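Q: After the sequence you'll find the predicted model.
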Amino acid sequence: MPICFPMSRTHYAENVVFDESPKRVLIVMDALKDFSMEILEWVLHNFSFDTSSKISILGISPYLNIPLSTKTWSDKWGMDLEDLMPLLQRNELNFDFKYQKLERLIHLCRKYGVVPEIRTEMGHPLQLRVIEQISTLHATLVVFDRYHDKKHIEYYAKKIRCNMLVVNHNGKAQLIKKVKCDDSQVESSLSSSSTPK
């Protein structure tokens, strides 16, 4: 399986080892950008999952006017994977690239034994919408895409108690926060190393 980001498993594994498999992973992306499979592939490749693990891909954006909102949400962000499953199984959607990408997402998650979900959130301020979703989903690992502002990520690290990573512009994963299993210690790299802009 080709990995699109120029990063290897060892880059992450040598620096960060979590004590247990993540039960609930939340990948936070900018919904105004193109839907990206690369972060999902990287997460699946670099972590071990059990049968109860779930992955949610959250597309977040500010409030949009109706024409722009319709254009944005008509892409992958507005699709319900459960509704698409029967159509994908009957090969009725193969003519459209966006459906092929979703089919790839579903097959990739099945290969690793996780259940995928796509969510969208629109609102202001964005930070509060993200924190609300992290809390609601009881995320044990949050992975931010490269489009998140450093100040926002620092804010999330202060407010939320879960493992956090960010993928920077070079395609490398950086630990933002690591929570130990016993919940007694939290490690953070925000002060010791640079965070992508």
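A: Noted; the coordinates are in hand.
Q: Quick check: I57 vs L40, distance?
A: Between I57 and L40 the computed distance is 7 Å (Cβ to Cβ, to the nearest Å). Where C-beta positions appear, they are placed from N, C-alpha and C, glycine not excepted.
Q: The two: which is more packed in?
A: Neighbour count, other Cβ atoms under 10 Å: between I57 and L40, I57 has more, with 27 against 23.
Q: got the phi/psi numbers for the more buried one?
A: Backbone torsions of I57, given as degrees, to the nearest 10, read phi -110, psi 120.
Q: Can you work out which residues contact both of I57 and L40?
A: Residues touching both I57 and L40 by Cβ atoms under 8 Å, 6 or more residues apart in numbering: 27, 116.
Q: Where does the prediction get shaky in this structure?
A: 1-20, 64-98, 180-197 (pLDDT under 70).
Q: Where does Y99 fall, secondary structure wise?
A: Per DSSP states H and E, Y99 falls inside helix 97-111.
Q: Output the contacting helices and strands for that helix.
A: If you count contacts as 3 or more Cβ pairs under 8 Å, 6 or more residues apart in numbering; DSSP states H and E, helix 97-111 packs onto helix 38-46, helix 81-89, strand 115-122.
Q: buried residues in it?
A: Within helix 97-111, the residues that count as buried by 16 or more other Cβ atoms under 10 Å are 99, 102-103, 105-106, 108-109.
Q: And the strands in this structure, which stretches?
A: Under the criterion DSSP state E, the chain contains strands at 24-30, 54-61, 115-122, 141-144, 163-167, 173-179, 186-188.
Q: Burial check on the residue lying closest to K23 once chain neighbours are set aside, number of neighbours?
A: With Cβ to Cβ, 6 or more residues apart in numbering as the criterion, K23 has its nearest non-adjacent residue at 5.1 Å, and that residue is T140. Look at T140: counted by other Cβ under 10 Å, it has 17 neighbours.
Q: List the buried residues in stretch 138-153.
A: Residues 139-148, 153 are the ones in stretch 138-153 that count as buried (16+ other Cβ under 10 Å).
Q: And these, which is closest to N163?
A: L141 (4.6 Å; Cβ to Cβ).
Q: residues touching the closest one, list them.
A: With contact set as Cβ under 8 Å, 6+ apart, L141 has these partners: 18, 22, 24-26, 43, 47, 162-165.
Q: ok, 6 Å please
A: Each residue near L141 by Cβ atoms under 6 Å, 6 or more residues apart in numbering is listed here: 22, 25, 163.
Q: Reformat those into JSON lines and put neighbour count next to each item.
A: Formatted as JSON lines, the contacts of L141 follow (neighbours: other Cβ atoms under 10 Å):
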{"residue": "P22", "neighbour count": "23"}
{"residue": "V25", "neighbour count": "25"}
{"residue": "N163", "neighbour count": "23"}
